[in-house]
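Chemist: I'd like to go over a predicted model; first the sequence, then the structure.
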Amino acid sequence: MARPPKKPPEEWRREIMNAAKALFFTNGYEETSVAGIMKLAGGAKGLFYSFFSSKAELLQALSEQLFLEHNPFQAVRERKDLSALEKIQELMRLNRE
């Protein structure tokens, strides 16, 4: 296999996570392999393990990232038009979506 392009570690990590997210949503977690993730990311399989010890660890990192990007608590917390009870109800509604 050709040597992967020279990129900063943060960029490789981001590309690995983006590839995994796309494959997890398309194929599901069980049907997605580390080799498939790295093929989509454009790097060698060994590069994966310099960032994550396992596919499960990658899933954990991805879930944390997605939660922070789409944090329902932050969205509801800033709403001034809702009472405390309405904020809780809105959180429950957002959690069902």
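Modeler: It's in.
Chemist: Kindly list the main-chain dihedrals of Thr78?
Modeler: One correction, residue 78 is Glu, not Thr. phi -80, psi -10 (degrees, to the nearest 10).
Chemist: for this structure, longest helix please?
Modeler: Secondary structure of the chain per DSSP state H: the longest helix is helix 9-27.
Chemist: Please write out the alpha-carbon positions of that one in CSV.
Modeler: Extracted C-alpha coordinates of helix 9-27, given in CSV (Å, rounded to 0.1, in the frame of the first residue of the first chain):
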residue,chain,number,x,y,z
PRO,A,9,-2.4,14.2,13.7
GLU,A,10,-5.5,16.3,14.5
GLU,A,11,-6.5,16.1,10.8
TRP,A,12,-6.0,12.3,10.6
ARG,A,13,-8.0,11.9,13.8
ARG,A,14,-10.8,14.0,12.4
GLU,A,15,-10.8,12.1,9.1
ILE,A,16,-10.9,8.8,10.8
MET,A,17,-13.8,9.9,12.9
ASN,A,18,-15.7,11.3,9.9
ALA,A,19,-15.1,8.1,8.0
ALA,A,20,-16.3,6.0,10.9
LYS,A,21,-19.4,8.2,11.4
ALA,A,22,-20.3,7.8,7.7
LEU,A,23,-19.8,4.0,7.8
PHE,A,24,-21.6,3.5,11.1
PHE,A,25,-24.6,5.4,9.8
THR,A,26,-24.6,3.5,6.5
ASN,A,27,-23.6,0.0,7.5
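Chemist: what comes up buried for it?
Modeler: By neighbour count with 16 or more other Cβ atoms under 10 Å, helix 9-27 contains the buried residues 12-13, 15-17, 19-21, 23-24. Placement of C-beta: from N, CA and C, glycine included.
Chemist: Which of those residues sits closest to Leu91?
Modeler: Lys21 (24.1 Å; Cβ to Cβ).
Chemist: Can you tell me the closest non-neighbouring residue to the closest one?
Modeler: Leaving aside its chain neighbours, Lys21 sits nearest to Leu62 (5.9 Å; criterion: Cβ to Cβ, 6 or more residues apart in numbering).
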